[in-house]
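Colleague: coordinates only, sequence not included:
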């Protein structure tokens, strides 16, 4: 199941301590998004993926599992074992950390991508932060590369998403589909991403991030 070109993908996630962190609520967000025209959904955790797939069996799901491994910076589906659980939950595309940072059990990026594709039969979206990691992910066989980690790694912590400059460079140097993700706050941002060469666009906080948006507004009243 593939995501159409020039389409909106909605990331339906919530903080662990939020009352929204409930599979049925996440699925309701996903259904509301699809009702308004979203062509794909990005979902974190096996339970959430399973619930969304149950309620939206014909909608492509980009699944991931944010995992904290002590001593490692990678956290988006860092290991093959994590990918297995997400695949079994029903994800059509597995999103992984596409950087060359160290992984638990000494796994290598290329091996992780290969195993997900060959053993699980799933497509891979590599979330990256720099052009070097984008190229490495593409060479390792990723089916999609996303700008997801731009501004969220040590190498890019002084940069603010959306990573339009990275997106533009990726569109010039890569031949695989590029997904714009991270900091897309307005419809105008999404349109700009498509103009810079994005295959499709993921929007999260601007649509489903109630906790973060309320926190930002509330800070103005302090």
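Modeller: The structure has been received and is ready for your questions. This is a predicted model, so every value here is computed, not measured. Residues are numbered from 1 along each chain as shown.

Colleague: use CA for all of it now, contacts and neighbours both
Modeller: Will do.

Colleague: Next one, pLDDT for the residue lying closest to residue 107 once chain neighbours are set aside please.
Modeller: Sequence neighbours aside, residue 79 is the residue nearest to residue 107 in space, at 7.1 Å (criterion: C-alpha to C-alpha, 6 or more residues apart in numbering). Residue 79 carries a pLDDT value of 97.

Colleague: Surely residue 79 touches residue 102?
Modeller: No - assessed by C-alpha atoms under 8 Å, residue 79 is found out of contact with residue 102, at 10.7 Å.

Colleague: and these two? which has more neighbours close in?
Modeller: residue 79 (23 against 15; other C-alpha atoms under 10 Å).

Colleague: Against residue 85, how distant is the more buried one?
Modeller: 10 Å (C-alpha to C-alpha, to the nearest Å).

Colleague: do the same with residue 154
Modeller: For residue 154, the distance to residue 85 equals 28 Å [C-alpha to C-alpha].

Colleague: Also residue 104?
Modeller: Going from residue 104 to residue 85 by C-alpha to C-alpha gives 16 Å.

Colleague: more neighbours, those two?
Modeller: For residue 104 versus residue 85, neighbours defined as other C-alpha under 10 Å are more numerous around residue 85 (18 against 15).

Colleague: Tell me which helix or strand that one sits in.
Modeller: For residue 85, the element it lies in under DSSP states H and E is helix 80-89.

Colleague: same deal with residue 180?
Modeller: If you go by DSSP H and E, residue 180 is part of strand 178-181.
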